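*Asks:* take a look and give me a structure for this.
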Amino acid sequence: MIYALKERIGKPLLFCGRKKQMALLINWVNMIPKEMAKSRVLLGRRKCGKTAMMQRLFNILWNENGQVIPLYLEVEDEEQWLLDFSDTYYRTFLSQYLSFKTRRVLAIDNKPWEFSELFDMARELGFEKVLRNMDFFQEHLDAKRVAQAKSMALGTPAFIAGLENAFCLVMLDEIQFMTKYIFYDQERKIRAHKLPGAYHGLVESKVTPMLVSGSYVGWMMRIMHEMFKGGRLKQTRVSPKLTAPEGLEAIYRYAENNNKALSDEAAFVINELTQSDPFYIASLFRSDWEYQDFTSIDGAIKTLAFEIRNKEGELFGTWSEYIALSLEEVNDKYAKQILLFLSKERYKECTRLEISNHLGGPLDDRALEKKLKALVYGDLITQGTNNFRYCGIPDDILDLIFRDLYQEEIDDVIPNIDNELKAKVAALENG
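*Replies:* Below you'll find the model as predicted:
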């Protein structure tokens, strides 16, 4: 297979598992030419595989060279003027369309081609309508007509589908960042926080259906409630965990590609302790710890324990984003107590009454509910089967990271991560 879009995962063989999820997406894509595919959203925390799945789907469709033209854009978490964003959006999709037509792979960094190159490619193909479309768009850019440039950019997939009498799959990765990092004015003072609402009607297109993703599930759910009402996006949850066999396969692949010696016993333990999470597995084998060892069970435990405690490491860095986002709004001891309690009880639902009793009843029900909703919004806890019930994130690594940060502050206890991991392995051996 030709990888026209460079996949962030690195070597293609590092894309492990996800067989059921990819089969679901392929079946959904096959419904597009039948005009039966409803726009869809992939929901899951960062590093759970959404980008890998979307980029692999792009390359599959590019190689099929069939009726569905893939278009992919990742919305970046950095401040942008809407006019600049519209320019990037337009050139990205036009670059991918011309790549699809010419069989020319995209730039190694996946950046769109400049207008000069796009004009040359369109002239060579004799695409007069494309040339005129680019002329019109550049006029909007030069005149700084922000609204017109935005509308024309968002309409690019429909323009392409009309040219080809075909279909486009519009993939927008991390769409929630549109509400925070894009500004109507060049001075970046007026945030375009309702920008995803511009897709309100577009998501219902059967000719250019959308596949969007969001890493902050609470944030995404709020966007969907406010801007994609009426169930316009079909929700697809993406678990960060692979199946146990897929996780073991990932462990051997990452060990080999990182030139790390690995014993079968250590591989089994790593799979259990990481709960077959490919991000945790990849981060572990990228460890810079001078004493890392994957040839023994004890060495694997010590290496994982170090990476969990390492404040400069990937594991801590990823979860600290979620923790900071959530506690920024409710940064007090009660929020931390709630997190510690629900994290400890992470494999069952707890009622608001149980949580209140654990806290000792210092908050009235309304104040407690407000804190819980903020924690749900920050993706550090989840809503249970109803609005009265809540769950911790069923992630053992997150539990260890959070307790390493806050348990001494709240309970005056310093967790011994090494001993806890060893105890879990002992339980596995005895169970």
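*Asks:* tell me how many other residues crowd Ile223.
*Replies:* Other residues near Ile223 come to 23 when the count uses other C-beta atoms under 10 Å. Quick note: C-beta positions are derived from backbone N, CA and C, even for glycine.
*Asks:* what's the answer for Pro209, then?
*Replies:* Pro209, neighbours per other C-beta under 10 Å, totals 26.
*Asks:* before we move on, what about the one 10 residues further on?
*Replies:* Other residues near Trp219 come to 18 when the count uses other C-beta under 10 Å.
*Asks:* pLDDT value on it, please?
*Replies:* Trp219 is assigned 81 on the pLDDT scale.
*Asks:* and the nearest residue to it once chain neighbours are set aside, how far is that from Val75?
*Replies:* Spatially, and ignoring its direct neighbours in sequence, Trp219 is nearest to Gln176 (4.9 Å; C-beta to C-beta, 6 or more residues apart in numbering). Separation of Gln176 from Val75 (C-beta to C-beta, to the nearest Å): 8 Å.
*Asks:* follow-up on the earlier one: next up, the contacts around the residue nearest to Trp219.
*Replies:* Gln176 makes contact with Val75, Pro196, Gly214, Ser215, Tyr216, Trp219, Met220, Ile223, according to C-beta atoms under 8 Å, 6 or more residues apart in numbering.
*Asks:* pick the one among these closest to Glu256.
*Replies:* Ser215 (28.7 Å; C-beta to C-beta).
*Asks:* and the nearest residue to that closest one once chain neighbours are set aside, how far is that from Gln383?
*Replies:* Nearest non-adjacent residue to Ser215, counting by C-beta to C-beta, 6+ apart: Arg46, 4.2 Å away. Going from Arg46 to Gln383 by C-beta to C-beta gives 20 Å.
*Asks:* low-confidence ranges in the protein?
*Replies:* Low-confidence segments of the chain (pLDDT under 70): 322, 325-326, 328-331, 431.
*Asks:* longest helix of it?
*Replies:* Longest helix in the chain by number of residues (criterion: DSSP state H): helix 82-102.
*Asks:* and Ile251, what element?
*Replies:* helix 244-257 (DSSP states H and E).
*Asks:* in that helix, what's buried?
*Replies:* Neighbour-count burial for helix 244-257 flags Glu246, Gly247, Leu248, Glu249, Ala250, Ile251, Arg253, Tyr254, Ala255 (criterion: 16 or more other C-beta atoms under 10 Å).
*Asks:* Serialize the residues you listed to JSON lines and add fields for distance to Gly201.
*Replies:* Shown next, in JSON lines, are the buried residues of helix 244-257 (distance: C-beta to C-beta, whole Å):
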{"residue": "Glu246", "distance to Gly201": "39"}
{"residue": "Gly247", "distance to Gly201": "41"}
{"residue": "Leu248", "distance to Gly201": "46"}
{"residue": "Glu249", "distance to Gly201": "43"}
{"residue": "Ala250", "distance to Gly201": "40"}
{"residue": "Ile251", "distance to Gly201": "45"}
{"residue": "Arg253", "distance to Gly201": "43"}
{"residue": "Tyr254", "distance to Gly201": "43"}
{"residue": "Ala255", "distance to Gly201": "49"}
